[in-house]
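[1] based on what follows, work out the 3D shape:
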Amino acid sequence: MRKRIVGLCSISLAGFLMASSAVAQSQQIQHRRRPAVIADAGSSAAPQTQPNYEFFSILNGLPMGLELHHDTQVGTGRAIDVYMFPIELQVMNSDGNLEPVGLIFENFYTAKAMDPITAPNPNNARDCKIWNTMVLFALNNRNPKSRTWPYIEFTVAEGARVIQTNEDGPVWWSDDVECWGSRDRFSPF
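    Down below sits the predicted model:
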């Protein structure tokens, strides 16, 4: 009888572990890279035109840290500093499920503007760093009972220019990205 109970417990435990792993697999964190790596991006020598800054893609989410990488440009070996800014997607204007969803976008952009004279804001990389700090502070001090989350908004101009780096691959010029932050001041709808 004892062997039978141990056998049933083993089968039940195995079934529980299989069910748990199936649930865990469907909820695993996923990572996506922005800008995407394209095969022939390094071979094009055509100059890139500056965007008109009228249209932007917008990513709202939780900042997951900010890393500064010391990199080099493909073909020249010229030193270039690159930020990697991972942001976990936060669904907004949905059915009321406002929390992060487990999809992390890793955004790569230069620490300095391509052309500080013509850039609408040559300090975009610095501004992203400031907003990251402010939103992380708000997250750390967030009321655990709150149904909403502070977030960062990372925007990229349509037609954003890309530079190829040896270590990080393609990265956006910081002239063509912007960051904004938000803290909750209003009760959720």
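[2] show me where the chain dips below the pLDDT cut-off.
    1-27, 39-46, 92-100, 183-189 (pLDDT under 70).
[3] ok, now with 50
    1-26, 42-44, 189 (pLDDT under 50).
[4] quick one: the helices in it?
    Secondary structure of the chain by DSSP state H: the helices cover 2-26, 124-140.
[5] okay, now Y53: neighbour count?
    Y53 is flanked by 17 other residues according to other C-beta atoms under 10 Å. (Each C-beta comes from the backbone N, C-alpha and C, glycine too.)
[6] give the contact list for it.
    Contact analysis of Y53 by C-beta atoms under 8 Å, 6 or more residues apart in numbering lists 120, 157, 176.
[7] would you format those as TSV with neighbour count and distance to T133 included?
    Converted to TSV, the contacts of Y53 look like this (neighbours: other C-beta atoms under 10 Å; distance: C-beta to C-beta, whole Å):
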residue	neighbour count	distance to T133
P120	13	22
A157	21	24
D176	26	22
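[8] inside strands: which ones of those?
    Among the contacts of Y53, DSSP state E puts A157 in strands.
[9] burial of the nearest residue to M134 once chain neighbours are set aside, as a residue count?
    Leaving aside its chain neighbours, M134 sits nearest to G181 (5.3 Å; criterion: C-beta to C-beta, 6 or more residues apart in numbering). Counted by other C-beta under 10 Å, the residues lying close to G181 total 20.
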